[in-house]
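Engineer: test case, fold it:
(2 chains)
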Amino acid sequence: MKHTKVIELEEVAIRFSGDSGDGMQLTGTLFSDTSALLGNDISTFPDYPSEIRAPQGTVGGVSGFQVQFGKKKITTPGDLAHVLVAMNPAALKANAVFMNPGGTIIFDADSFNDKNLEKAQFKTNDPFAELKLEDFSLIPVPITSLTKESLKELELDNKSVLRCKNMFALGLICWMFDRPLDYIEKFIQSKFGKKSPLIAEANLLVLHAGYNYGMNLQHMTPQYIVHPAPIEKGIYRNINGNNATAWGFIAAAEKAGLPLFIGSYPITPATDVLQALAERKDLGVKSFQAEDEIAGICTTIGAAFAGHLGVTSTSGPGFALKSEALGLSVMAELPIVVVNVQRGGPSTGLPTKTEQSDLLQTLYGRNGESPVVVLAASTPSDCFYYAFLSAKIALERMVPVVLLTDGFLGNGSEPWRVPMMSELPSITPRKATNPETFLPYNRDPETLARDWAIPGMEGFEHRIGGLEKNNAGGVNQDPDNHQKNSEIRAAKVEKVVDMIPELELAGEPEGDLLVVGWGGTYGHMISSVNAMQEAGKKVSLAHFNYIKPLPKNTAEVFSKFKKIVVCELNMGQFASYLRDKLPEFEYRQINKMKGLPFSVFELVEKFEKILEA
Amino acid sequence: MTKFNYTAKDFKSAAEVRWCPGCGDYAIMNAVQKTMADMDIAHKDFAVISGIGCSSRFPYYMNTYGFHTIHGRAAAIASGVKSANPALTVWVMTGDGDSLAIGGNHFIHLVRRNIDINLVLFNNKIYGLTKGQYSPTSDRGKITKTSPFGTIEDSFVPGQLVLGSRGTFFARAVDSNVKHTQEVLAAAALHQGTSVVEVLQNCVIFNDGIHDYVSDPKFRSERQLFLKAGQPMIFGEEEDKGLIYDNGRLKVAKIGENGITREDILVHDPTDDNIGLQVALINMSLPEFPVAMGVIRSVEAPVYDQEMKKQIETVQQKRKISCMDELLHSGNTWTVDGENCDEPVKFFNQKCFE
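Structural biologist: Numbering: from 1, shown residues only, chains lettered A, B, ... in the order given. All right, here's what the predicted structure looks like:
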């Protein structure tokens, strides 16, 4: 018997890619879940086209899913993949640039025919030479014909047979990485078992065929071993950012003792937040799919007026539509949370790709002086905590809060140690108690937060609105009153600084270069800063979750470094905000507008240049 | 026996009413306040929501909960209020610009969903607050500041829009006829689901007299047909005219002529699910027809806010997850408890969160 080549790795990244109808997202998810169950830390990155079914076989229609897992803390899905599964030539073409030199490419040999090569616009019939991939370990596997072969006993139509191809690839990869199949088997049973036992049987047969194929052809397939990661004790689950956001809101409502209302409108990549909440009728969540983005936030404001925790979810273009109503909640001082799962813009832009380019829209994109609190989550699982915290700030300070996440966080997933509710801080809504002294805009002298009385409460009847007002909520457009109220609304947001923690550094408190990031780039930022530190460079990371207000020690932290560089997936929005807020520092910028996350490699390279300059 | 013995006065707030002298809004407010007093529901359970426009100042003048929101969005905000708390009695005060132009989408979807909200549509066929531009109910050719040579577009007929949106309640009244407006509002208040009441309202400054031809009390019985459920649709000073079908089309017939008797006159049925005759009534215009007043359509249908509540209750009866801790630990979870594993650290360990 020939020996298998065994490669032991600290971390490995696999990219599954095929037509958008090939089931690559599911394949990737199942593999990720299996790895997480084995105790690996993981990070995933779905990369799919905005068309549901783009033309088959074309580069534009390629759907990919990358997962990195390892025996240590994994903070990114990996810049480059060690293993690529390519279901057709287009998938190879679209993903060749994401390959680690010398990596392994498994491809469906059946689909590498003239027709498909032409569709993928290869000029020759040797796509590997054309893409300069000759040095890679190429493993041709006749996935299509082997799938057909293994299902020939079943009475299944051709279309259904072909839909099982992804399971062959999955089985093969599971063998390569020594993953047991039981979790995937259970999933298939529960998904198809009852409805269509035949489909379940077919998927299981093909999954095993793929696994056995790997085992039987050990001579040509390298096997990888990745040991479990030493992580915190606890109960874990996989969670993506959008689900974590939704759950954070439910947790906040439970803590606050309020019902949760979401008024929202479907928009990529934020729709999952609405879906995840619509599912939770068991926990009393009221979900309202509105007629448009505007009605999404308006129903939310209405629910907040009626005493609920009101939240709405959206992405860039939808956020633009919500701006006028967000201004109303600033003026009326109603506690709502808007989550903006950012995507590439402007206009419809790149709906399925990630970007951080709504920051200035969020901070300034409304008429009038219209300050809101702005938070940004930084990993898929911490979306839970920042959603929770957004709600806490809104309810305790009677102020609208915008939570920024992005497509990368929303769709990306990671294992998460689930907390007990008792670990979370309390939330105390500012319910009015004394009808004798109540006026809707009487304020707490410390926080400037107003009291909240809701329809149905006896003796607190009052009127509020979008017009400038007096303490009783009545219209008042006196010059001094508007001046005073504008200052109060601004100060109220600034005072939230007392609720948020100080800025923490990853690395030494002083040094040659301070790397500044915010929001969803955290994984890539920390990995690249760690790499710099391991190379002995005096580089630290300040990653912001609190945008407005900024943590109170920000200037002090900045002052201890010779150079500061602000990295973001836009043209420099946080950098301009910092120049406005803390003009005493000089800010260098690293910006990327490709609809893709940073790569650790490119960041390290740029940091080194800045240090040398 | 009533619980509260409210009068209309009990619903007036201390705020000074600032509509133009002679504005039709005063009469409508009186009718609304009287209606609310008669409803015998506590002040605290009323929420009056408005958008932007002259009529939308309404909530400030009411001694209830009120929210004066933004242009066109009252229907959407009220939808949130009522869905969140179906126990509230929610009124939307709006105008033809607010609800049929900038807020048209929210208006039709409120009606479609059939949320239990009473919407009073003040139709003065003009933009008053911005001082005289044409609105979506201005007649073709109307000369205004933004149509100095006359409009070149047709207007909405609000009732058509309501029925086209599968509305369950539509009624019409004239501002100056306070008693009738009040009757109509009372019927709207009783209706389960979205009730739309179009009030033909006079803007004394920018469109004075726009409804005069219809509303002139001297010719009321000739020019208006007051609909009553189960009654023949008869009008005229002498109660000698009525509506009949002639070759499938609605027609005014004179009783006693051409063999027409009272029995031949069509009987009004606002509860008829078929909207055919109701749309025909909505479309009637002078001089061929009188203008239909009163409750034109009132049918029963599932009510959104009740359905939302019911659905949650139904799901909760057989729920497996009843609190957040259970949800967090549901589904695919695994335990990490290795020797090389650290103790967990709380995410919120900073003291400012405690």
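
Engineer: when you work out contacts or count neighbours from here on, use the C-alpha atoms and nothing else.
Structural biologist: Will do.

Engineer: by proximity to chain B, which residue of chain A wins?
Structural biologist: Chain B sits closest to A:T299 of chain A, with a gap of 3.8 Å, by CA to the nearest CA.

Engineer: my guess is that residue contacts B:A74. True?
Structural biologist: No. Using CA atoms under 8 Å, A:T299 is not in contact with B:A74; the gap is 9.4 Å.

Engineer: can you pull the contacts of B:S83?
Structural biologist: Contacts for B:S83 (CA atoms under 8 Å, 6 or more residues apart in numbering or on different chains) come out as A:303, B:115, B:304-305, B:308.

Engineer: mind checking pLDDT for it?
Structural biologist: Model confidence at B:S83, expressed as pLDDT, equals 98.

Engineer: ok, back up a step: by neighbour count, which of the contacts of B:S83 wins?
Structural biologist: Comparing the contacts of B:S83 on neighbour count, A:A303 comes out first with 32 neighbours (neighbours: other CA atoms under 10 Å in any protein chain shown).

Engineer: near chain B, which residues of the stretch 351-500 of chain A?
Structural biologist: Neighbours of chain B within the stretch 351-500 of chain A, by CA under 8 Å from any CA of the partner chain: A:385, A:418-421, A:423-426, A:455-466, A:474, A:498-500.

Engineer: mind listing the residues bridging to the most centrally placed residue in chain B?
Structural biologist: Central residue of chain B (CA atoms, centre = their mean): B:L119, 2.1 Å from the mean position. Bridge pairing for B:L119 (DSSP bridges) gives the partners B:V92, B:V196.

Engineer: in contact with it, which residues?
Structural biologist: B:91-94, B:194-197.

Engineer: please identify which pair of those residues lies farthest apart.
Structural biologist: B:T94 and B:T194 (14.0 Å; CA to CA).

Engineer: could you check which of these two is surrounded by more residues?
Structural biologist: Ranked by neighbour count (other CA under 10 Å), B:T94 and B:T194 place B:T94 first, with 31 against 27.

Engineer: what's the farthest-apart pair in the contacts of B:S83?
Structural biologist: Using CA to CA for every pair in these, the one that comes out farthest apart is A:A303 and B:Y304, at 14.8 Å.

Engineer: ChimeraX command to pick out the buried ones of the residues of the stretch 351-500 of chain A next to chain B?
Structural biologist: Applying 16 or more other CA atoms under 10 Å in any protein chain shown to these leaves a buried subset, and the ChimeraX line that selects it is:
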select /A:385,418,419,421,424,425,455,456,460,461,462,463,464,465,466,474,499,500
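
Engineer: just give me the neighbour total for the closest residue to chain A within chain B.
Structural biologist: Residue of chain B nearest chain A, by CA to the nearest CA: B:G80 (3.8 Å). For B:G80, the count of nearby residues is 33 (other CA under 10 Å).

Engineer: how about the nearest residue to it, chain neighbours excluded?
Structural biologist: A:T299 (3.8 Å; CA to CA, 6 or more residues apart in numbering or on different chains).

Engineer: please enumerate the helices of chain B.
Structural biologist: For chain B, helices defined by DSSP state H occupy the ranges B:24-39, B:74-84, B:96-97, B:104-113, B:158-164, B:178-190, B:212-215, B:220-223, B:276-283, B:304-317, B:324-328.

Engineer: packing partners for the last one?
Structural biologist: Helices and strands in packing contact with helix B:324-328 are listed as helix A:241-256; criterion 3 or more CA pairs under 8 Å, 6 or more residues apart in numbering or on different chains; DSSP states H and E.

Engineer: who are the packing partners of the helix it packs on?
Structural biologist: strand A:260-264, helix A:271-278, helix A:382-397, helix A:407-411, helix B:324-328.

Engineer: weakest of these in terms of mean pLDDT?
Structural biologist: Lowest mean pLDDT of the helices and strands packed on helix A:241-256: helix A:407-411, a mean of 94.

Engineer: got the CA positions of it in PDB?
Structural biologist: Extracted in PDB, the C-alpha atoms of helix A:407-411 (Å, rounded to 0.1, in the frame of the first residue of the first chain):
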ATOM      1  CA  GLY A 407     -21.500  42.100   4.700                       C
ATOM      2  CA  PHE A 408     -18.300  40.400   5.800                       C
ATOM      3  CA  LEU A 409     -19.500  40.200   9.400                       C
ATOM      4  CA  GLY A 410     -23.100  39.600   8.600                       C
ATOM      5  CA  ASN A 411     -22.500  36.600   6.400                       C
END
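
Engineer: helices or strands next to the helix or strand that it is followed by in the packing?
Structural biologist: Counting by DSSP states H and E, the next helix or strand C-terminal to helix A:407-411 is strand A:413-417. For strand A:413-417, the elements it packs on are strand A:41-47, strand A:234-240, judged by 3+ CA pairs under 8 Å, 6+ apart.

Engineer: which residues of the stretch 501-613 of chain A fall in strands?
Structural biologist: Along the stretch 501-613 of chain A, the segments classed as strands by DSSP state E, counting those that start in this stretch run A:505-506, A:511-518, A:539-544, A:546-548, A:561-568, A:587-591.

Engineer: run through who's touching the second one.
Structural biologist: Contacts with strand A:511-518, where a contact means CA under 8 Å, 6+ apart, come from A:376, A:378, A:525, A:529, A:537-545, A:558, A:560-568, A:611.

Engineer: may I see the buried residues of it?
Structural biologist: Residues of strand A:511-518 classed as buried by neighbour count (16+ other CA under 10 Å): A:512-518.

Engineer: would you map the helices across the stretch 401-550 of chain A?
Structural biologist: Here the stretch 401-550 of chain A has its helices, by DSSP state H, counting those that start in this stretch, at A:407-411, A:479-494, A:522-534.

Engineer: and the ones you listed as TSV, adding mean neighbour count and distance to A:L258?
Structural biologist: Putting the helices of the stretch 401-550 of chain A into TSV (neighbours: other CA atoms under 10 Å in any protein chain shown; distance: least, CA to CA, whole Å) gives the following:
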stretch	mean neighbour count	distance to A:L258
helix A:407-411	28	25
helix A:479-494	15	23
helix A:522-534	20	32
